[in-house]
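Asks: What shape does this take:
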Amino acid sequence: SVLIAKVASLVSGGPASPTMVPSSASEAIVEMTIQLAEPHLSMVESACRAVSVDASELVARDSDGFSAKLVLQRTLSLQSGSAGKPRLKSACQVNGKAVTLKAMKAIAGPLLTIVDAAAAASALSRPNSRLSVIDTAVPTSIKAEALRTKTAYRKARRHREALEQELNSQVLPPSYSHSDDPNEEAIEMLRHWVDELDAFEGRMVKFQDSAVGGGSSGSDDRAAGSTQLSETLQRFRSASWFDYSNEKQSNGDASSTAVSEFYTQLLDFREVVKDMDEQLQAAVSARDALSAISLPDSAVTALERARNYLFDATGGQVGSTEDSVDQDIYSAAAEDAHERLNTLEMALSDCAKSLEDSNKGLLTTLERMVDSVGVSLEDIDAIIADWNTLSRKHAISPFSLPSCHKALRSELDGSVEARLMLPKAKATEEAALKEYEEAC
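Replies: Predicted structure coming up:
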């Protein structure tokens, strides 16, 4: 109750108020008797020594030597203070022996805990809080052992889950079913699949070498003309057959497999080569549109056609042969038109030459970039088509082909490490769980 809480606060050295004393002619006395036993008895004796109080005189053990009674008393009274205001005075006793308020607080304070009932009820409504209260009475060694076994159990469980996840993520053809004792026919089929994928892996490595290192000398410098091409070549060069990205490829069920980084980079490489071929073709078309006489719609053909029309319009006269002030205005206009056509022809020629400039021309730069790649778009499409054919053969996604290769190789070798370790991992987890339950 509130009254008991206030008494406990006062006898343990808590603050007091003048309103607790009814009148100046009386005093208020609060008293509490506590029956002590170990370890609290030793704690009180240590507190007495800490405040320079003789514990043997203050606390007398019972005949059994393991218990004692502690009577705490505090008397509050009012005395005249300055300016006519009453002053509160405390007189403290422990087992009838007078002590200071500080000594009473040091002795009785650790023995009593005052709890806010509303706050306690709210806290104890939570299971974790109730368990924490219970654990305060548990020896430290037991809690340490429980924590150790809990950590060991969680580690064993995570290990078992990781092995199961590795097995579930294995990509095997739907037509293949695992057997602990496969027959000769199943082994021969596995060997054929693995040999086929081994050969394709070797082919992909050679293709990669040709693509990123099979161009003309100085291919890296030539590829530097395009940041996108240079970065794509670098990524494709760094990719390997069993590299997987952080993304996941869904298989339509709860499991998922890693996406092949090699296949992803191959597709990106194809797109860059395709764009580069299209850019080169566009540059060639631009040059032909300017200077190809064989094209009926080129600029130089149109210029020549305009020149013929102008020749017909002037009757074949470019200018007057007489140097007179009265030069024919008609001839002068024809000559001016021909000169402007000549200027236009020179401009078209300069533009075409700039495209084909051996150092910095657009067409030459694109040709160098194409030359830096050791394979053509047709070569890339052929290798992707073969990759997809193998994927369809095994009824898997092209992104999962390297994972399927790895899983088939492990099945053939009979060294599926996760499958061999899983029974032991389950047994270890069960033993760790049992030890954890016993420790709790």
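Asks: And the pLDDT at the nearest residue in space to Pro174 that is not next to it in sequence?
Replies: Spatial nearest neighbour of Pro174, excluding adjacent residues (CB to CB, 6 or more residues apart in numbering): Ala395 at 5.1 Å. The C-beta positions use only the backbone N, C-alpha and C, and glycine is treated the same way. Reported pLDDT at Ala395 in the predicted model: 88.
Asks: what's the answer for Ala199, then?
Replies: What the model reports as pLDDT for Ala199 is 94.
Asks: That one and Glu271, how far apart?
Replies: Ala199 sits 27 Å away from Glu271, taking CB to CB, to the nearest Å as the criterion.
Asks: and if you look at Ala47?
Replies: Distance from Ala47 to Glu271, by CB to CB: 81 Å.
Asks: Looking at those two, which is more packed in?
Replies: Ala47 (20 against 12; other CB atoms under 10 Å).
Asks: In a helix, that one, correct?
Replies: Yes. Under DSSP: H, G, I helix; E, B strand; the rest coil, Ala47 falls within a helix.
Asks: isn't it right next to Ile107, touching?
Replies: Yes. Ala47 lies in contact with Ile107 (CB atoms under 8 Å); the separation is 4.8 Å.
Asks: Please verify my assumption that the residue nearest to Pro174 contacts Leu401.
Replies: No. Counting by CB under 8 Å, Ala395 sits too far from Leu401 to count as a contact (11.3 Å).
Asks: So between the two, which is more surrounded?
Replies: Leu401 (25 against 10).
Asks: and the gap between the more buried one and Phe262?
Replies: The separation that Leu401 has from Phe262, given CB to CB, amounts to 9 Å.
Asks: again, but for Ile134
Replies: Taken as CB to CB, the span from Ile134 to Phe262 is 57 Å.
Asks: do Lys424 as well
Replies: Distance of Lys424 to Phe262, given as CB to CB: 34 Å.
Asks: any idea which element Lys89 lies in?
Replies: strand 86-94 (DSSP states H and E).
Asks: Going by neighbour count, which residues in that strand are buried?
Replies: For strand 86-94, burial by neighbour count (16 or more other CB atoms under 10 Å) applies to 88, 92-94.
Asks: same deal with stretch 17-24?
Replies: In stretch 17-24, counting by 16+ other CB under 10 Å, buried: Val21.
Asks: roughly how far is that stretch from the heart of the chain?
Replies: Stretch 17-24 sits 66 Å away from the centroid of its parent chain (CA atoms, centre = their mean, to the nearest Å).
Asks: cool, and stretch 425-440?
Replies: 32 Å.
Asks: Pull out the buried positions in it.
Replies: 425-426, 428-429, 432-433, 435-436, 439.
Asks: Looking at the residues you listed, which are in strands?
Replies: The subset of the buried residues of stretch 425-440 located in strands under the criterion DSSP state E is empty.
Asks: Between Lys424 and Phe262, tell me which one has more neighbours.
Replies: The neighbour count for Lys424 versus Phe262, taken as other CB under 10 Å, is higher for Phe262 (24 against 12).
Asks: Could I get the contacting residues of that one?
Replies: Listed by CB atoms under 8 Å, 6 or more residues apart in numbering, the contact set of Phe262 reads 204, 239-241, 243, 402.
Asks: Can you flag the buried ones in those residues?
Replies: 204, 239, 241, 243, 402.
Asks: Between those residues, which sits nearest Ser230?
Replies: Ala239 (15.4 Å; CB to CB).
Asks: The closest one touches Asp268, doesn't it?
Replies: No. Applying CB under 8 Å as the test, Ala239 and Asp268 come out as separate, 9.7 Å apart.
Asks: what's the closest non-adjacent residue to Ser12?
Replies: Using CB to CB, 6+ apart and skipping residues adjacent in sequence, the residue nearest Ser12 is Ala108, 4.2 Å away.
Asks: what's the helix or strand where the one you found lies packed up against?
Replies: Here Ala108 sits within helix 101-108, counting by DSSP H and E. Helix 101-108 is packed against helix 40-50, strand 67-80, strand 86-94, with contacts defined by 3 or more CB pairs under 8 Å, 6 or more residues apart in numbering; DSSP states H and E.
Asks: How far away from the center of its chain is it?
Replies: Counting by CA atoms, centre = their mean, helix 101-108 comes out at 56 Å from the chain centroid.
Asks: Stretch 100-109 now?
Replies: Worked out by CA atoms, centre = their mean, stretch 100-109 lies 56 Å from the chain centre.
Asks: which of the residues in that stretch are buried?
Replies: Neighbour-count burial for stretch 100-109 [16+ other CB under 10 Å]: 103-108.
Asks: Taking those residues together, which two end up most distant?
Replies: Across the buried residues of stretch 100-109 (CB to CB), the longest gap, 9.4 Å, separates Ala103 and Ala108.
Asks: which residues do those two both contact?
Replies: Val94.
Asks: Check the burial of Ser372 by counting its neighbours.
Replies: The number of residues packed near Ser372 is 24, by other CB under 10 Å.
Asks: distance of it from Asp336?
Replies: Ser372 sits 49 Å away from Asp336, going by CB to CB.
Asks: just to revisit the earlier point, what sits in contact with each of Ala47 and Ile107?
Replies: Common neighbours of Ala47 and Ile107 (CB under 8 Å, 6+ apart) do not exist.
Asks: what is the mean pLDDT for the strand or helix carrying Arg307?
Replies: Taking DSSP H and E as the criterion, Arg307 maps to helix 299-313. Taken as a whole, helix 299-313 carries a mean pLDDT of 85.
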